[in-house]
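>>> structure of the sequence below:
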Amino acid sequence: EIRLVGTAHVSQNSIDEVKRAIEEFEPDVVAVELDRGRFAAIKKEGKPPEMDDIIKGGNFNETLVQWMLAYIQRKIGMDVGIEPGAEMLAAINEAESRQIPVALADRDIRITLSRFWRGMTVLEKLRLIYALMGTIISGKGDDEEDKIDIEALTKDKDLIEMAIEEFHKFSPNGAYALIDERDAYLAHSLLRLSQRHEKVLGIVGAGHMKGIQRYFEKPETLPPFESLTAQQKTHNWKLIIGGVIIAMFAFILLLIGFSGVGVDVLLGAVVYWVIINGVLAAGFTLIAGGHPLSALTAFCVSWLTSLNPFLAAGWFAAVTEAKVRKPKASDLQKIIDAESFSDMRQVPMFRVIFVAALANVGSMLGTFAYFIFIFPILGIDPTVVFVDGFNNLVAWISGLYR
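Below you'll find the model as predicted:
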């Protein structure tokens, strides 16, 4: 027999309900919606990640989104006086006090975040970051009228379904990785446990209840377990876009060179590539609160990183920022405990990642700005350059075979 308890991660009622369910049901095993990493974090047994490991990972945007989500969840918890994940900790402590084994039923958070981020379109990512930043910077939820009634959310199934439906509309691909796939993963875990234990109690988020129950009713619809953990095969857009940028830049220089407008114009095109990329990368580094040396680093490398899909201006800026700010592993807890976005920005580890993300944004915008504005800046007619340059290039190539 499998019994589910749907909880909110910042709810006193959920804590009480979890304890009551364990006492009344007397399960052979308690399965919690946690993976090893989050289990260790809740039990305060985990080792915080080192800054070097985060930088080497290079997933700056994913890391930022994860921190923002953790921050927002904690802010909601502060409103109701409950630490995020308190109901899971209560389930673990209650089970351990009764010598009941605890099983970790959720997918590795790193796999979930990777599939979540990789699965979203560019538009979905921009909308998500905009929404998260808007919530954090505006401090929405601090006013009494903005408070979220967590207890009502866990009790009202229609409200839960409405919230999930809105998330699917907001980010279909993100919702699929964050909700639908984890419904299936949790169902797999619970069904496997039921083969070894007579009574299984599953402690899961209220938003997963309906999806898990649907799979219990029709287990044949469960996707293969391996498909939920395998690395998604996606087009390597970084390489594709990088290749297109290199080709466009080389093609423009080639046409300018063969158009006969002069060497000074050709040199100007190269110089402006360096300046436009550098200024925007450095500017966004400073907007992120980066050190002037980090901004200088971004300026110096962005012209090159924009032409190399294996390099990123943000990575170099982050390395410099880390050397200057000297973040510590303990900074991660400071990020989660921050009272506001400005407090968060004061934490060296957050600032390093924020610098990395915004430097990359600036470098990317610099590349687009170059292709849009280079001809007006140089004061030449692109039509003339393209026509004359192309004709002269064709004539030159033809002359090679005569």
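>>> middle-most residue in this protein, spatially?
Closest residue to the average C-alpha location of the chain: residue 62 at 2.5 Å, with CA atoms, centre = their mean.
>>> so what's it up against?
Listed by CB atoms under 8 Å, 6 or more residues apart in numbering, the contact set of residue 62 reads 113, 114, 117. Placement of C-beta: from N, CA and C, glycine included.
>>> check residue 362 too.
Taking CB under 8 Å, 6+ apart, we find residue 362 in contact with 280, 281, 282, 283, 284, 285, 298, 302, 313.
>>> quick one: name whatever helix or strand follows whatever helix or strand the residue nearest to the centre of the chain lives in.
Taking DSSP states H and E as the definition, one finds residue 62 inside helix 60-80. Moving toward the C-terminus from helix 60-80, the first helix or strand encountered (DSSP H and E) is helix 86-97.
>>> list the buried ones in the lengthiest helix in the chain?
As assigned by DSSP state H, the longest helix anywhere in the chain is helix 348-378. Within helix 348-378, the residues scored as buried using 16 or more other CB atoms under 10 Å are 348-367, 369-370, 374-375, 378.
>>> go on, stretch 115-134?
Neighbour-count burial for stretch 115-134 [16+ other CB under 10 Å]: 115, 116, 117, 119, 120, 124, 125, 128, 129, 132.
>>> looking at these, which is nearest residue 321?
Ranked by distance to residue 321 (CB to CB), the buried residues of stretch 115-134 are led by residue 129 at 19.9 Å.
>>> now do the helix or strand containing residue 188: which elements does it pack against?
When elements are assigned from DSSP H and E, residue 188 belongs to helix 181-196. Helix 181-196 is packed against strand 2-7, strand 29-32, helix 109-119, strand 200-205, helix 209-217, with contacts defined by 3 or more CB pairs under 8 Å, 6 or more residues apart in numbering; DSSP states H and E.
>>> measure stretch 221-229 end to end?
Between the opening and closing residues of stretch 221-229 there is a gap of 17 Å (CA to CA, to the nearest Å).
>>> change the start of the numbering to 667 and stick with it
Happy to do that; since the first residue is 667 now, the last one works out to stretch 887-895.
>>> quick one: contacts of it?
Counting by CB under 8 Å, 6+ apart, the neighbours of stretch 887-895 from elsewhere in the structure are 773, 774, 777, 847, 850, 851, 853, 854, 857, 880, 881.
>>> 10 Å - rerun?
For stretch 887-895, the surrounding residues in contact (CB atoms under 10 Å, 6 or more residues apart in numbering) are 773-774, 777-778, 781, 843, 846-851, 853-855, 857-858, 880-882, 896.
>>> please pick the buried ones from the residues you listed.
The buried subset of these - by 16+ other CB under 10 Å - is 773, 777-778, 781, 843, 846-851, 853-855, 857, 881.
>>> and those residues, which is closest to residue 1003?
Distances from these to residue 1003 were compared by CB to CB; the smallest belongs to residue 778, at 23.4 Å.
>>> quick one: that closest one and residue 852 touch, right?
No - contact status for residue 778 versus residue 852: not in contact, 11.5 Å apart, counting by CB atoms under 10 Å.
>>> between those two, which contacts overlap?
Here residue 778 and residue 852 share the contacting residues residue 772, scored by CB under 10 Å, 6+ apart.
>>> still on that earlier bit, tell me the mean pLDDT over the longest helix of the chain?
Averaged over helix 1014-1044, pLDDT sits at 91.
>>> let's see stretch 1052-1068 as PDB, backbone CA atoms only.
Below are the C-alpha coordinates for stretch 1052-1068, written out as PDB (Å, rounded to 0.1, in the frame of the first residue of the first chain):
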ATOM      1  CA  PHE A1052      28.400  44.000 -50.500                       C
ATOM      2  CA  VAL A1053      27.900  44.400 -54.300                       C
ATOM      3  CA  ASP A1054      31.400  45.800 -55.100                       C
ATOM      4  CA  GLY A1055      33.100  43.500 -52.600                       C
ATOM      5  CA  PHE A1056      31.300  40.400 -53.800                       C
ATOM      6  CA  ASN A1057      32.000  41.200 -57.500                       C
ATOM      7  CA  ASN A1058      35.600  41.900 -56.800                       C
ATOM      8  CA  LEU A1059      35.900  38.800 -54.700                       C
ATOM      9  CA  VAL A1060      34.400  36.600 -57.500                       C
ATOM     10  CA  ALA A1061      36.700  38.300 -60.100                       C
ATOM     11  CA  TRP A1062      39.700  37.600 -57.900                       C
ATOM     12  CA  ILE A1063      38.800  33.900 -57.400                       C
ATOM     13  CA  SER A1064      38.100  33.500 -61.100                       C
ATOM     14  CA  GLY A1065      41.500  35.000 -61.900                       C
ATOM     15  CA  LEU A1066      43.200  32.300 -59.800                       C
ATOM     16  CA  TYR A1067      42.000  29.600 -62.300                       C
ATOM     17  CA  ARG A1068      43.000  31.400 -65.500                       C
END
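>>> what comes up buried for it?
Going by neighbour count (16+ other CB under 10 Å), the buried part of stretch 1052-1068 is 1052, 1054, 1055, 1059.
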